[in-house]
Structure formats: C-alpha cells, structure tokens
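Peer 1: What shape does this take:
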Amino acid sequence: MEKSTSWVENRLVYEVKDEVTKWIRFNQKNKIGANKRKRRHQGEDVFKELLPDQLVLLLELLLEEKTLRPVTLQRLQRHYCLWKRDAEVRHRWCEMVIKHKYTAAYAEIEKFLQQDQAMGVYLYGELMVNEDARQQRLAQKCFTALQEEMDPASLKVVGEMIL
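Peer 2: Numbers count the residues shown, from 1 in each chain. The predicted structure follows:
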C-alpha cells in the first residue's frame, strides 16, 4: 500500500509522516534529565491537529518504534486527547500503552475493554503475551469482571488466552 503512487503523494499521509518524525525527535530529546527538560521552552515542539484517520495512521507508525518514553506517551495522549476519540484511535492508543508498559494509562485499557468488548479481544492477547505480571493481572481482572457480559465467541477466545 505504501508503495502506490497515490499513497506516497497523499497530502494527509505526508502530514502524518511529518508528525511521526516530530514525535520521534521529541522522544529522543527527552532522554535528558527532568531539570534540563524544565528549562526548555514549552512551545519548542508544535504538533498539528490530525483527523481521526490520520491519528490511526500516526499511532500505527509510532507503534513501530522500539521505545517511546513515558513523557512522550503522556504528551501524545494529552495533545490529541486520545481517550476522547473514536474506538479505532483508542484501540491503537491501548496497543501503545501495552507495548511500552505505560502504567499511567492502564485504567484506559480497562475502560476500553469494558466499553468496546468486541474490539478488546486482541488487547487481551497483547496483555497476556508480553509476560508482564501487571498486564496479565489487568487482563484477568477485566475478564473476571466482564465474562458474564461477553458474547459466547469472545468469551471462549479470551477465556482460552487468560486461563
């Protein structure tokens, strides 16, 4: 898909790729200590507002990054108000939270699993496969609380992952 001419030349895709570059640069700059970070100008990094489909692409591309620091994830969430977006955006956000073990947003994963059960099956798998005890407990807690409300197919699949 990325190699097609229409994809490469699409202005909206170009804007997203430009934003991804800025976020990666922001992530790299924030390796320094908290004291130096406080001295920097707040307006130094200016990120564009993006359409919902652009946000999905942005998050998908950022998911390819090996490491995003908590300060980057916090700023990303705050800048785009990710939790107030549609289910597709929130799902990608939850994937990032899981991948980078961003514990400050674990409550958002729990809310997503409660509110968007059909889309949450994949997230249960991600929570379990990372072999992180805290993430596994979160998956088990959500499954225990929601299993009576789940449709039979999801219940079976998630139950097999959890148990």
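Peer 1: Give me the below-cutoff pLDDT ranges for the chain.
Peer 2: Counting by pLDDT under 70, the chain contains low-confidence ranges at 1-9, 32-44.
Peer 1: Mind doing that once more with 80?
Peer 2: Confidence mapping of the chain against pLDDT under 80 gives the ranges 1-9, 31-45.
Peer 1: Now do the contacts for the spatially most central residue of it.
Peer 2: Residue closest to the average C-alpha location in the chain (Cα atoms, centre = their mean): residue 93, at 2.1 Å. Taking Cβ atoms under 8 Å, 6 or more residues apart in numbering as the contact definition, residue 93 lies against 59, 77, 82, 83, 85, 105, 108. All C-beta spots, glycine's among them, are computed from the backbone N, C-alpha and C.
Peer 1: now residue 94
Peer 2: For residue 94, the residues meeting the contact criterion (Cβ under 8 Å, 6+ apart) are 108, 109, 112, 123.
Peer 1: Among the contacts of residue 93, which one is most surrounded by other residues?
Peer 2: Within the contacts of residue 93, residue 59 tops the neighbour count with 24 neighbours, counted by other Cβ atoms under 10 Å.
Peer 1: Just the element for it, please.
Peer 2: When elements are defined using DSSP states H and E, residue 59 is found to belong to helix 52-63.
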